[in-house]
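Undergrad: Okay, here's the prediction I keep looking at, along with the sequence it came from:
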Protein chains: 2
Amino acid sequence: MKNLSRRNFVKNVSLATAATATFSTADAKNIKDIFVHHVYFWLKNPNSEADKSKLLEGLEKLSKVPTIRMVHIGSPASTNRSVIERGYAVSWLCFFDNLEEEEIYQKHPIHLKFVEDYSYLWEKVIVYDAIGPKR
Amino acid sequence: MKNLSRRNFVKNVSLATAATATFSTADAKNIKDIFVHHVYFWLKNPNSEADKSKLLEGLEKLSKVPTIRMVHIGSPASTNRSVIERGYAVSWLCFFDNLEEEEIYQKHPIHLKFVEDYSYLWEKVIVYDAIGPKR
């Protein structure tokens, strides 16, 4: 069952992210005080659907690391302007409550096993770690 | 008031994102069927706190585009490994329900005004648009 009712959706969001993330009262959709970890993977065999599927399999396992509050696994969209980077195969976006929780993720056995089992697939990764700036 | 109660948090998440995004029942924190738009800005004057503040001001205005479901405005975290890109000044992460909603955002008067008023600040932008792959 893919599409959930609004009630279940809200329940699942609360399960996923409610712990310590906070929203501005001025703008409910503007999330602050989270740690955003975004990784882009370039495959050694960029045209291999099998290799891409294998990496996606690994990331599904990786998403079980308990300090991950939210995860999105993606591929380049169809948008195509000069400023858009489309060479990567897979995008891995995670939210953590803070730096400490992200460091737990980095050292977690599930993460170490993911690197061990799947790193042969990628040629390059670029990581962007962002936190809400003090304003 | 920065920190909200769990009740208000859940309410605000539902306001922000409940419309059509869906979660996997197998893994509540694994979001699918959203459009992830992540932009990284490099400033012309990378050491200018004034220019960075100006850009943040512009992004706060930009966050009012109604098709944005969730937004996070950030700067590089303190993490520092070889694979981590830290040269950008500001990270702008948005969730949309789908490609069409992102296209509305691209053409929205608030977005056009943002580019008109603030693009003098940046030297380079890199955009990553990702959608959940069919699996």
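TA: Perfect, I can see it now. What you are looking at is a predicted structure, and each value in this text was computed from that prediction instead of being measured.
Undergrad: Can you tell me the SS state at the spatially most central residue of chain A?
TA: Centroid-nearest residue in chain A, with C-alpha atoms, centre = their mean: A:Leu93, separated by 2.0 Å. When classified by DSSP: H, G, I helix; E, B strand; the rest coil, A:Leu93 comes out as strand.
Undergrad: gap between it and chain B?
TA: 6 Å (C-beta to the nearest C-beta, to the nearest Å). The way it works is simple: take the backbone N, C-alpha and C, and place the C-beta from them, glycine included.
Undergrad: for that residue, what are its contacts?
TA: A:36-39, A:71-74, B:36, B:38, B:93, B:130 (C-beta atoms under 8 Å, 6 or more residues apart in numbering or on different chains).
Undergrad: And the buried ones among those residues, selectable in ChimeraX?
TA: This is how ChimeraX selects the buried members of the contacts of A:Leu93, with burial counted by 16 or more other C-beta atoms under 10 Å in any protein chain shown:
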select /A:36,37,38,39,71,72,73,74 /B:36,38,93,130
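Undergrad: follow-up on the earlier one: tell me the bridge partners for the residue nearest to the centre of chain A.
TA: For A:Leu93, the beta-bridge partners under DSSP bridges are A:His38, A:His72.
Undergrad: From A:His37, how far off is A:Gln106?
TA: 9 Å (C-beta to C-beta, to the nearest Å).
Undergrad: Ok, A:Glu100 next?
TA: From A:Glu100 to A:His37 the distance is 13 Å (C-beta to C-beta).
Undergrad: okay, and the common contacts of these two?
TA: Contacts common to A:Glu100 and A:His37, judged by C-beta under 8 Å, 6+ apart, are absent.
Undergrad: Could you list the low-confidence segments of chain A?
TA: Chain A contains residues with pLDDT under 70 at A:1-28, A:133-135.
Undergrad: All the strands of it, residue numbers only.
TA: A:22-23, A:30-32, A:35-43, A:70-76, A:90-96, A:122-131 (DSSP state E).
Undergrad: most packed of the ones you listed?
TA: Comparing the strands of chain A by mean neighbour count (mean count of other C-beta atoms under 10 Å in any protein chain shown), strand A:90-96 ranks first with a mean of 24.
Undergrad: so how far is that one from its chain's centroid?
TA: 1 Å (C-alpha atoms, centre = their mean, to the nearest Å).
Undergrad: Run the angle between it and strand A:70-76 for me.
TA: If you take axes from the mean of the first three to the mean of the last three C-alpha atoms, to 10 degrees, strand A:90-96 sits at 160 degrees to strand A:70-76.
Undergrad: got the angle for strand A:90-96 vs strand A:122-131?
TA: Using the same axes, to 10 degrees, strand A:90-96 lies at 30 degrees relative to strand A:122-131.
Undergrad: now strand A:90-96 against strand A:35-43, angle please.
TA: Angle, strand A:90-96 to strand A:35-43, by the same axes, to 10 degrees: 160 degrees.
Undergrad: In chain A, what residue spans correspond to helices?
TA: A:6-17, A:49-62, A:99-107, A:109-118 (DSSP state H).
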